[in-house]
Structures are given as structure tokens and as C-alpha cells.
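Peer 1: Need a 3D model of the sequence below.
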Amino acid sequence: MQLQSMETYDVAIVGGGCIGCSVAYYLARDSALDICVIEKEHHLAEHQSGRNSGVLHPGFNYPPGSLKAQFASEGTRRMKEYFDTNDLPLDELGVLVVATDHEERRRLTEIQHQATENGVETDLLESQAAIREHEPHAVGEAALYCPEAASVDSQKYVYSLAGDAENAGVDFFSGYEVETIETNDSTHQIRTSNGTITSSYLVNTAGLYADTLAHQMGVGQEYRIVPFRGEYYELVPEKRHLVQSMIYPTPDPDLPFLGVHYTRRTDDKVIIGPNAVLAFGREAYANTQFDLSEVLDVLGYSGFWKLFTSLKMINVGITELNKSYRKTAFVDAAQKLVPEVEPDDFRKSYAGIRAQIVRSDGTLVKDPLFKHGSRSTHVLNVVSPGLTSSLPFGDHLASEVLSRFE
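Peer 2: Residues are numbered from 1 along each chain as shown. Just a heads-up that it's a prediction; the model follows:
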């Protein structure tokens, strides 16, 4: 949409990813408010919403009762209904979580208990033979099979959801980068690269720059985004038969990252990854890219250094950095799950960057996090599974906004 003059809205949403589009749709569905979405890129899903594994995570490994577990299980159900209704690509392949040693085997039992409490169906496979009934080329001591996991096309989903919002009356401003926001008694003056938009209420779903926008409005000063890049390879076509569905390592409960895993996508490509390495810029998708001011911003943040005071985090950081710059280290991690893959079977694919919130005391925030300001709501943390959670999370945020809107 072209901005002819200064437009005025009841609610302006900054960020046109899956959460921003979801909030926009539910606000429009449940109210008669004038709503717009402001997106700095010319295309939607250019960042986190389109640069992920494209997996619906049913929530088998999240703490029971947590917001993350609630949104993941409800989100999986609602997303499947949405994809079916809108004829979008979805393959219900299931996921195999593989244990490669005794400690991981013990952890699988804990994960299954969590899954049961979260209402997620799982099956514990106690032998290599049982594993190979699901994935003939996977290797492990045991595995947890979750049939509800699915592979989806995340970019087509975001565009479909944006279309629903637009049909409900929401205006979209693409290619409008928010530069500053000035707030007076009753309005926000949102100055963008293409003009000024005025709104009574602002919803910040700006992803990788959500903290920057929140801080400008005096919200969430104790939180800062530390960007972690996740790089993917893909199997060459003649080796795709080695993976039938999704093969994951057993997750470490102390870390927010799953580790290198295999995903068969809806286009039949098999992607491997991601690793999780500190990115040298919030949109530095290649390991050769570098944004000096953003790197200095991270290095100047006390929470970042407190995060890496533990020996475990230091070792994880070194290991992940090694996977980024040495293909052999990445392949070694992948071969623990599927030993038959060879280095020549891996081709470089895309990369994504996770907007990981770190509190000033060095705590990695693992749950969805949003804070309210003066006539504003700021989504600071949409950790994995953000795509899976987008419908119930957007619905929840829309309810929060409507209850606060005056």
C-alpha cells in the first residue's frame, strides 16, 4: 500500500511476520478497529518467519503448564486445521527423537512424561530394530516417536494469514522501515522511511529489532536480543532416501537450541541443521557478514558476558562456532544420527537468525515474553516453536490489546 499522506489508525502493528499477521487477523476479526501492519521489507517472512525449519512442534519436550507447552500443543492443532482449510502444504511425517547414549536414554523417559502431561502422543522405541521400523538409516540406543509433528511451508502460511488479515480490513505497508516513534498524550507518531503513520495503540512484533523498538518507548530495558545464527545444509537429491521424516537429537533441557537435526520438507528436500552460533549482526546471515555497531552493542551488554560465565555455555559456544566454519564438524554432528551420510552429500542451504532474549542477569529467556507499555504491547521473545505457536499466541495478544485499548 502506498502512503499518500499521514494515515491514522487505531492500532499499528510493527512487523509483518507470523506473529504480527496473526495479531492483525485476530484484532480485525474481534473488533471494528482500524488496523495496519508496517513491514520494513518489500516481502513478508524475509527473516525469522521464513528462515526456519518449517516444523510444527507438538510440545512434547516443554515444561507442563508453561505458556510454551500450551501454545505448542494448541498451535499444532490449530495450524493443521488452518493448513487443511486453506489447502497449504503440510506433511504429517512425525518426528523421531534419538538417544545415542545412556544419559540421553534416561532423558527420553523424562521427555515422554512431559509429553503425556502436555497431552501429546508418543511412543518409546527401546531398540535399534524398533527405530529402523520408522527410520531405516537412523542409529541410536532408543528413540521417542511423536506422530503429531508435521512439516509445513512457512512462507506460504505467512502470506495466507496476511491475506486473511487484509480481507478483514487490515492495511499493509510493505517497504516501510520504522525509524523513530514519538508519543504524546493520545497518539504515537511512527516515522518510517516512507512517511509518518499515526496510531492510538502500537503492537511491536518487530522480531530481531523488537528490543530496540521497546527500549525507545521505555519498555523492557532489562532485556536485550542476542542474535544466534542457525545455518542449514541440505542432502543431495540422490541421498534424500536416507531420511523419511524428521530425526532429532535428544534435547538438553538447559539449552534453548535443539542441535543439528534432519527435516524432510514439503518440497521433498531434506535439510540438516541448524547450528547455533553468535551472529555478527542481527541480519548477518553469512558467517562472513559483520555489523560493527551491532557486534559492539552485544559485547557491551553485561547480560551477554554473564551468560557465558558458565563452562557449559563456553563449550557450547566453541562447538557451535566450529560447526559454522568447519563443515567436517557439522557433518560429524549429523553422522551421530545417520552414520551413512558423507561430507559430499551436504550442500550449503539457507541460514536463519534467532532473536534470543537475554536478561541483564545473563538468563536465557526460554518462554514467550511480552511487555505492555503506555498504549503499547511489545513482543520481546518468540522462541521456538514460534511458528507453531503463532495462531494461539496472536489470538492471546489480540485479546490483551483489546482489553487495554481505550
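Peer 1: Now the phi/psi pair for R224, please.
Peer 2: Dihedral angles of R224 (phi, psi; degrees, to the nearest 10) stand at phi -140, psi 140.
Peer 1: wait, doesn't it sit right on L299?
Peer 2: No: using CB atoms under 8 Å, R224 is not in contact with L299; the gap is 11.6 Å. For every residue, glycine as well, the C-beta is placed using N, CA and C.
Peer 1: More neighbours: which of these two?
Peer 2: R224 (22 against 10; other CB atoms under 10 Å).
Peer 1: show me the contacts for that one.
Peer 2: D211, V298, Y301, G303, F304, I357, V358, S360 (CB atoms under 8 Å, 6 or more residues apart in numbering).
Peer 1: check contacts around the third one.
Peer 2: Right, Y301. Residues near Y301 by CB under 8 Å, 6+ apart: R224, V226, V358, S360.
Peer 1: go on, the fourth one?
Peer 2: Contact analysis of G303 by CB under 8 Å, 6+ apart lists R224, V226, V358, R359, S360, D361, G362, T363.
Peer 1: ok, S403 - how many residues close by?
Peer 2: S403 has 7 nearby residues by other CB under 10 Å.
Peer 1: what packs against the host helix or strand of it?
Peer 2: Per DSSP states H and E, S403 falls inside helix 386-404. Under the contact definition 3 or more CB pairs under 8 Å, 6 or more residues apart in numbering; DSSP states H and E, helix 386-404 sits against helix 18-30, strand 55-56, helix 67-85, helix 154-167, strand 195-204, strand 369-373, strand 376-381.
Peer 1: want to throw the ones you listed into CSV with mean neighbour count?
Peer 2: Below are those laid out as CSV (neighbours: other CB atoms under 10 Å):
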stretch, mean neighbour count
helix 18-30, 26
strand 55-56, 25
helix 67-85, 19
helix 154-167, 21
strand 195-204, 22
strand 369-373, 17
strand 376-381, 24
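Peer 1: follow-up on the earlier one: could you single out the nearest of the contacts of R224 to G59?
Peer 2: I357 (20.0 Å; CB to CB).
Peer 1: and the closest one, that's in a helix?
Peer 2: No: checked against DSSP: H, G, I helix; E, B strand; the rest coil, I357 lies outside a helix; its state is strand.
Peer 1: Which of the contacts of G303 sits closest to V270?
Peer 2: For the contacts of G303, the minimum distance to V270 (CB to CB) is 29.7 Å, reached by V226.
Peer 1: my read: that closest one touches W305, true?
Peer 2: No: in this structure V226 lies outside contact range of W305 using CB under 8 Å: 10.9 Å.
Peer 1: between these two, who's got more neighbours?
Peer 2: Between V226 and W305, counting by other CB under 10 Å, V226 is the more crowded of the two (20 against 12).
Peer 1: Measure how buried the nearest residue to that one once chain neighbours are set aside is and give me the count.
Peer 2: Nearest in space to V226, with sequence neighbours left out and distances taken as CB to CB, 6 or more residues apart in numbering, is V358 at 4.8 Å. Neighbour count for V358, taken as other CB under 10 Å: 22.
Peer 1: before we move on, what about L364?
Peer 2: Neighbour count for L364, taken as other CB under 10 Å: 18.
Peer 1: correct me, but it touches R354?
Peer 2: No: between L364 and R354 there is no contact under CB under 8 Å: 11.0 Å.
Peer 1: in what helix or strand does I181 lie?
Peer 2: Short version: I181 belongs to strand 178-183, going by DSSP H and E.
Peer 1: Quickly run through the sheet partners of that strand, with directions.
Peer 2: Strand pairing for strand 178-183, using DSSP bridges, gives strand 188-192 (antiparallel).
Peer 1: relative to strand 376-381, how tilted is the partner strand?
Peer 2: 50 degrees (axes from the mean of the first three to the mean of the last three CA atoms, to 10 degrees).
Peer 1: List the buried residues in strand 188-192.
Peer 2: In terms of neighbour count (16 or more other CB atoms under 10 Å), strand 188-192 has its buried residues at H188, I190, T192.
Peer 1: Centre of the chain to the helix or strand bottoming out on mean pLDDT in the chain, how far?
Peer 2: Lowest on mean pLDDT, DSSP states H and E among the helices and strands of the chain sits helix 311-325, with a mean of 75. From the chain centre to the centre of helix 311-325 is a distance of 21 Å (CA atoms, centre = their mean, to the nearest Å).
Peer 1: Could you name the helices and strands sitting against it?
Peer 2: Partner elements for helix 311-325 (3+ CB pairs under 8 Å, 6+ apart): strand 223-235, strand 277-278, helix 327-335.
Peer 1: Noted, bye for now.
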